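Chemist: Next comes the sequence, and after it the predicted model I'd like to discuss.
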Amino acid sequence: MEAPTTKAFGPARIVALALISLTALGLVWLHFGTGNDSVSVPSGAHAGQLKLHSCDYGGYRADCGTLVVQENRHNAHSRLIALPVTRIHARSATSGVPVFRLEGGPGITNTKFTGASRFADKREVVLVGYRGVDSSTKLDCPEVTSARAGARDFLTEKSFRADAAAFKACASRLQDAGVDLAGYTLPERVDDLEAARRALGYERIDLLSESAGTRTAMIYAWRYPKSVHRSVMIGVNPPGAFLWDAKTTGEQIDRYAALCAKDASCRSRTQDLAASLHSAFQHIPGRWWFLPIKKGNVKAASFFGLMNATTDGAGPLAGPLTIDTLLSSTQGDGSGAWLLSLMAQLIFPRAQVWGDVAAVGRSDAAYATRFFATHADRGSVIGSPGTDLIWAGGRLLDSWPASPDENQYTRVQDSNVETLLIGGSLDFATPPQKASRELLPHLPNGHQVVLDNLGHTDDFWAYEPAASTRLISTFLDRGRVDTSLYTKHAIDFTPTVGSRGVAKILFGVMFGVAALTVLSLLWMPLRLRRRGAYGRKAGATLRSLYAVLLGLGGWFAGVLIALTALPTVPLTDELLAAFSVGLAIGLGLYFAWTNSDWSARSKLTGAAAATGGALIGAWLGFNVTSAGFGMFAPLLAIVGAAVGGNLLLVALDIAWDRQARDRFADTSVKETLEARLLPE
């Protein structure tokens, strides 16, 4: 009797191929169907041209389109660039003065506004993309991202030199590509907004700005005072405030120290918070267990962590949580410091469009020259780690070309525009006292609101939304300041789950899943020796759901190795992700597929197909989008590895079955198995 044969395309393989195909199509869709929100200059376009079409924005009826402007208005022969424009229509039939939203940053898009629904019921909300960030020409600097992602420590002279060289290389590359960097200035950005106002047919507009965007709003009011109806600035950034001096930072720490002295839980940990923070910055631990801590990264993350005072606004980097982390590090618990170091390493290199940061930062070039010459970055409690990071220790000044516009608005000018300045008393990024001293005296129709115990703009939008909405809407509608819905925010110095808890949970998950992966890859071949092969259901589970767990564990193992032994390898490095994910999934797929009784040649061919397919799939998955999806790229690498390894194994099975290939080393084993399958 003839031995039974296996169908090349049985039901199980058809289902497997269908699932693999659907997943692969999903990755293809991510590659071609997402992340491509760039704009281009239409053929035959001219400066000032605006083309709009109907669209949807967060459930609101809107118009989306492209505004064409000159790259450099100082050059009559300048090329044209395009900016995305979104006009969100008011739901009310009789709308008020339209509001132009100006995001902070710099280096952050102005095309997204999650708070648009707060104002779009009664007025049109307009988003004009920033040149250099959202425009057809973007000042992307992968050189800077790469330098910072591979830094041993952000705040060392070696890193500053590497950052400066990266900025210089980026500027040269952009100029060689025909980009006129002299056109990427705040006055040019203001002229873009004015061009949009005219093209949309508005007589006057309201401005709603925050953080770095408030500088643009100031220049707009100085440059086109008749175009602005009213202006609301949240987290005010007057000239010179693209740098954080140690003295003003010290004033903010003193405010926290005063609150700490009145809080029993905080007072029980330190009698002088300012002195304790100074000590913490001077004695950041070098390791937590076997994991190195990058001290400069901790300092930079701590500074940015102190910017916001609420967990709703800042999450795990809220000011009280950062203070808890620093106090704990002085008491021998470095877990929170390790988390800050890790988060900085993951987030900072890709947080902003660095070419725009450099171009906009040069608006304060004169201040920066004096700042670093007088060592305003030194002294106080924590110094100026944020300034050192952004300005590469001062070397950015000589690494990015100067612009004719950069000295135009270096001083505050008088403005009769009705203006509301809003700030949080604990804001480290834009301390409200600077707005009080430097800007408010120049605003005869100006008002200021300082919100107790709140920090930067994230706090403003997250804390009591009804109160902040009323504050802005009432001022824009009637020019009246209404803080009636606000209640005072109470600082909680005893977080239930602080950075230390998050660090321990994160490390526990990473180490646990990595250990499980290693143990699984050791146990699976041992199990094969005893029982020969996995059953159909077990094999399918191992090759699908469990493969994802193996990939995650492989990446965690790779990250832990990189953190410990490879300090200059970025944690989201494509080779690190592809190798650690691909190898773990490839081995897991092979063990789930193979039979211990097969010939050595069959096993070797299967192992090569599984690991090779998984490695290639992991690399392709990681690069499925041009931006790599940032920190989500390793997850896409896991999906790609599972698809690639399974696809080659299924293809190998089909090819061998169609050729009626004998996979067994011992024919007696094959005959025994066939006999079991034959009917009696």
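Modeler: Thanks, I have the structure now. These figures come from a predicted structure and were not determined experimentally.

Chemist: so what does the strand or helix carrying residue 580 touch, helix or strand wise?
Modeler: According to DSSP states H and E, residue 580 maps onto helix 574-593. Secondary-structure packing of helix 574-593 (3 or more Cβ pairs under 8 Å, 6 or more residues apart in numbering; DSSP states H and E): helix 499-531, helix 536-543, helix 545-565, helix 600-622, helix 633-658. Backbone N, C-alpha and C define where each C-beta goes, glycine included.

Chemist: Looking at those helices, spot the one closest to residue 65.
Modeler: Proximity to residue 65 (Cβ to Cβ) singles out helix 633-658 among those, at 31.6 Å.

Chemist: how about the closest one: buried residues?
Modeler: Of the residues in helix 633-658, 633-650, 652-654, 656-657 count as buried by neighbour count, 16 or more other Cβ atoms under 10 Å.

Chemist: coming back round to it: would you tell me which of the helices and strands packed on helix 574-593 gets closest to residue 223?
Modeler: Using Cβ to Cβ as the criterion, the shortest distance between residue 223 and the helices and strands packed on helix 574-593 is 41.6 Å, found for helix 633-658.

Chemist: tilt between that closest one and helix 536-543?
Modeler: 140 degrees (axes from the mean of the first three to the mean of the last three Cα atoms, to 10 degrees).

Chemist: Point out the other helices and strands that helix 633-658 packs with.
Modeler: helix 11-33, helix 536-543, helix 545-565, helix 574-593, helix 600-622.

Chemist: Which of the helices and strands packed on helix 574-593 has the highest mean neighbour count?
Modeler: helix 633-658 (a mean of 23; mean count of other Cβ atoms under 10 Å).

Chemist: Now do that one: distance to the chain's middle.
Modeler: 31 Å (Cα atoms, centre = their mean, to the nearest Å).

Chemist: try stretch 226-233
Modeler: 31 Å.

Chemist: who's in contact with that stretch?
Modeler: 97, 194, 197, 204-210, 214, 217-218, 220-221, 417-422, 435, 472, 475-476, 479 (Cβ atoms under 8 Å, 6 or more residues apart in numbering).

Chemist: Same question for stretch 613-624.
Modeler: 27, 30-31, 551, 574, 577-579, 581-583, 585-586, 589, 628, 633-634, 636-649.

Chemist: ok, residue 483 touching residue 448?
Modeler: No - at 11.4 Å, residue 483 and residue 448 do not qualify as touching, with contact defined as Cβ atoms under 8 Å.

Chemist: Counting neighbours, go ahead and name the busier of these two.
Modeler: For residue 483 versus residue 448, neighbours defined as other Cβ atoms under 10 Å are more numerous around residue 448 (18 against 13).

Chemist: could you pull out the strands for the chain?
Modeler: For the chain, the strands defined by DSSP state E occupy 50-57, 60-70, 80-88, 99-102, 125-128, 205-210, 228-234, 287-288, 291-292, 418-424, 446-451.

Chemist: Of those strands, which is nearest residue 184?
Modeler: Nearest of the strands of the chain to residue 184, taken as Cβ to Cβ: strand 80-88 at 9.7 Å.

Chemist: close enough to count as contact, residue 558 and residue 578?
Modeler: No - the criterion here is Cβ under 8 Å, and residue 558 misses it with residue 578 at 9.6 Å.

Chemist: Can you report phi and psi for the most centrally placed residue in the chain?
Modeler: The chain has residue 351 as the residue nearest its centroid, 4.6 Å off, counting by Cα atoms, centre = their mean. The phi/psi pair for residue 351 (degrees, to the nearest 10) reads phi -70, psi -30.

Chemist: Leaving out the residues flanking it, which one is nearest to it?
Modeler: residue 107 (7.7 Å; Cβ to Cβ, 6 or more residues apart in numbering).

Chemist: Just give me the neighbour total for the one you found.
Modeler: Neighbours of residue 107 under the rule other Cβ under 10 Å: 24.

Chemist: residue contacts, it?
Modeler: Residues 133, 351-357, 360 are the ones in contact with residue 107 under the rule Cβ under 8 Å, 6+ apart.

Chemist: Throw together a ChimeraX command that grabs the buried residues out of these.
Modeler: In ChimeraX, a selection of the buried entries from those looks like this (16+ other Cβ under 10 Å):
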select :133,351,352,353,354,355,356,357,360
